[in-house]
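>>> quick check, what structure comes out for this input:
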Amino acid sequence: MKGFWITSLVCACHAFSPSSLARIRGRPTVSLSSLANSASSSDSSVPSTESAQTLDRGEGSKYWASFNETIDFPSCAELLQLGVGDFVTSPKFTITTNPAEDGTTQEYDFCVKFYPRGGGHSSQHSMYQSAKNAKNGENDESGFGMSYAVLPMFGSQARDEKVGVYLQYLPRSPSDTVDASFALRIKGQQRIGRRFDVEWRSGIRFVSLENSKLQQGMANDFGAHLMQTELLEFVMGVHDDGMGDQTLTAQENGLLDAQNRAKPVKLQVEVVLHAPYDNQRDSLSTEAIVAKQSREGGTSSAFGLLRIPDVRQSIGDESVSGAEERDKEPLRVGRIVVPVLQRLSQRPAMFQMGVYPGVEYRILRIIDTTTDGEEGELFYSKTGAEYELKPIYPLVQQLERPWPVRVKEQDIPKLITATQYNVISAVGSLFAAGSALVTAFVISQAISLFFIPSKSMEPTLQIGDVLLVEKVTPRLFFNNNNKKVGDVVLFHPPQQLQELVQRGSGRSVSNRDLFVKRIAALPGDNIQIVDKSGSILINGKEEGPLDRRNMCTAEPLRLIERYMDPGREIVIGQGQVGVLGDCGSVSVDSRVWGALPTEDIVGRPLIRLWPLSRFGSIDPLPTTPTITNDW
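Numbers count the residues shown, from 1 in each chain. Presented below is the predicted three-dimensional model:
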């Protein structure tokens, strides 16, 4: 047994529960594939059942090399004495490849790590610890984790402990790599009901620890948590109370074998190595994908716009647009893919298969079902093959199911990489955000809200009123032929008004600010100021029905009088109007700063939104008093 190190991340996946084991008691021998977390992943898994089988190695030349041995680990009692994250390492075993044409062979070393109480995830912490051990002259081949003593955040009690098994590659040089499919199978020794095994089947590209990139399907170790730790004794046939019945012998309690030796935990290890990729493999061709997409109605508009190819397309076809985006090799086991829709009608079938659009899946296995009805392990995608897929992260409860799901590759409309999907999502988000901004801008140019800040339009509009302003028709149709005396308009301040405000209050206004007044004179009209109070004549006459601009609260200091110039005449020219406020004793309007250019008119109020008690249309100039002068 080697020294104990644990990972910096405790696996948190669903494995076997007592209820799930109880349901299969009494059945014939089965192999339960509890496909739980792969290295460095924290996704959830639910066990599934299938007939016991081994990896099909087929003809001698079908695989590059194969290995099938059962390894004895310490007894259940000894394993359960270990702490959280501690592990036991199997002896190193070497797999020798079949001879090449020149008679040469290659050797690859592996070992299996058994974590009875959780652990087994590689991390930056583990690389730091391994480097530290190497510097101190310690021999640490595990590549896993930091000492539990330096991880106080986990506390003294482990939660939801699970049995983990991992296959680790022991490269002879940092650049070594090998493609492998494997099965790790805990051999059941149950004494209650029928016996069954618990296994994990998968594949990965094994590399050195420093070259591990799990997002790209390359790892130094790969495995799973198979069951809750509390169930290990049951699977091993140890008496249910753990300590055994004191009235029974050690053999009867399942603690010793027939030779009075501590009964070991047996782990069957099956590994097949795949030869490196060559361009002559029977890959899923570009023509097959293109023809398939054509039959199904082509790509969606988003993907058609970006012209992102299916990752199953052959890299040798330069006619496919976006060749630079494709991988340097065909789709293989261990890679992360994202299924996407091409038509909305495909969504129900994909959900039924468990292949949810937009979810990132890892390809755990590629199975060849096209040869004489027998199944064989593939490492690269092939036309007509089947995939075993599992999400790389937990899904919402409604989408969870027994993982992995097994689907025919031809039933998946399109597969892209996670990077491609993220690019599309980013572009889609930017497009949506841009559309929202454009829409908001267009709306802001059509309508807006305006808050009344002064008394100049009392009693029609009072301080605090909120108006819904329409800004389209004044710009498109507001000309000399359709303006009417009595219309309330909103306008940008002309230069004379801006300068007047600056001199009078020290507050600067720009040509983007808005003012509100009522039209009193049209082109060709003449406005004459009669006296200091601001009374006027229009074309030599009083305003008549509109001459009721004293229906508001008078300003006690009568500051408006300083701006009045009795006898002054303002002639309204073409492209101009004269505007006045409804409260003549307060309003600074055309009597002070002259005619208003019609090009400065930008809106007209539709309704008053606030206060609710006065909700409705804008009233005409009042002809009877509505407010008393009670300053």
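
>>> bridged to I363, which residues?
On the basis of DSSP bridges, I363 is bridged to L389.

>>> ditto for I519
I519 has these beta-bridge partners by DSSP bridges: V579.

>>> doesn't G486 make contact with it?
Yes. I519 lies in contact with G486 (C-beta atoms under 8 Å); the separation is 6.6 Å. C-beta: built from backbone N, CA, C; applies to glycine.

>>> so which of these two has more stuff around it?
I519 (20 against 11; other C-beta atoms under 10 Å).

>>> what about the stretch 451-600 of the chain, any weak spots by pLDDT?
For the stretch 451-600 of the chain, the stretches with pLDDT under 70 are 477-481, 543-548, 554, 556.

>>> where exactly do the helices run in it?
For the stretch 451-600 of the chain, applying DSSP state H, counting those that start in this stretch gives helices covering 473-476, 495-505, 590-593.

>>> quickly compare the ones you listed and say which is most buried.
helix 590-593 (a mean of 22; mean count of other C-beta atoms under 10 Å).

>>> helices and strands around that helix, which ones?
Helix 590-593 is packed against helix 495-505, strand 515-521, strand 526-529, strand 576-580, with contacts defined by 3 or more C-beta pairs under 8 Å, 6 or more residues apart in numbering; DSSP states H and E.

>>> could I get these in JSON lines, plus columns for distance to D565?
JSON lines is the format used below for the helices and strands packed on helix 590-593 (distance: least, C-beta to C-beta, whole Å):
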{"stretch": "helix 495-505", "distance to D565": "14"}
{"stretch": "strand 515-521", "distance to D565": "17"}
{"stretch": "strand 526-529", "distance to D565": "6"}
{"stretch": "strand 576-580", "distance to D565": "15"}
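
>>> which of these sits closest to P413?
P413 lies closest, by C-beta to C-beta, to one member of the helices and strands packed on helix 590-593: strand 515-521, at 57.9 Å.

>>> what angle do that closest one and helix 495-505 make?
On the basis of axes from the mean of the first three to the mean of the last three C-alpha atoms, to 10 degrees, strand 515-521 is oriented at 130 degrees to helix 495-505.

>>> how about residues contacting strand 515-521?
Strand 515-521 is contacted from outside by 450, 452, 456-457, 460-461, 467, 483-493, 497, 527, 538, 543, 546, 572, 577-582, 587, 589-590, 596, 605, 621, using C-beta atoms under 8 Å, 6 or more residues apart in numbering.

>>> what about 6 Å?
Here strand 515-521 makes contact (C-beta atoms under 6 Å, 6 or more residues apart in numbering) with 457, 485, 487-488, 490-491, 493, 527, 538, 572, 577-581, 589.

>>> next, count neighbours for T94.
Neighbour count of T94, defined by other C-beta under 10 Å: 10.

>>> that one belongs to a strand?
Yes. Under DSSP: H, G, I helix; E, B strand; the rest coil, T94 falls within a strand.

>>> check contacts around it.
107, 109.

>>> which residues does it bridge with?
According to DSSP bridges, the residues that bridge with T94 are D109.

>>> do you know how far V407 is from S381?
Distance of V407 to S381, computed by C-beta to C-beta, to the nearest Å: 13 Å.

>>> kindly report the same for I416.
In this view, I416 and S381 are 14 Å apart by C-beta to C-beta.

>>> those two: which has the busier surroundings?
Using other C-beta under 10 Å as the criterion, I416 and S381 rank with S381 on top: 25 against 22.

>>> returning to what we had before: so for Q268, which of the helices of the stretch 451-600 of the chain sits nearest?
Q268 sits nearest to helix 473-476 of all those, at 80.6 Å, using C-beta to C-beta.

>>> so which residues make contact with that closest one?
Taking C-beta under 6 Å, 6+ apart as the rule, helix 473-476 contacts 601-604.

>>> next, count neighbours for the closest residue to S75 other than its chain neighbours.
Closest residue to S75 apart from its sequence neighbours, by C-beta to C-beta, 6 or more residues apart in numbering: A262 at 3.9 Å. Other residues lying near A262 total 13 when counted by other C-beta under 10 Å.

>>> please enumerate the helices of the stretch 251-400 of the chain.
Using DSSP H, counting those that start in this stretch, helices in the stretch 251-400 of the chain cover 286-295, 301-306, 347-353.
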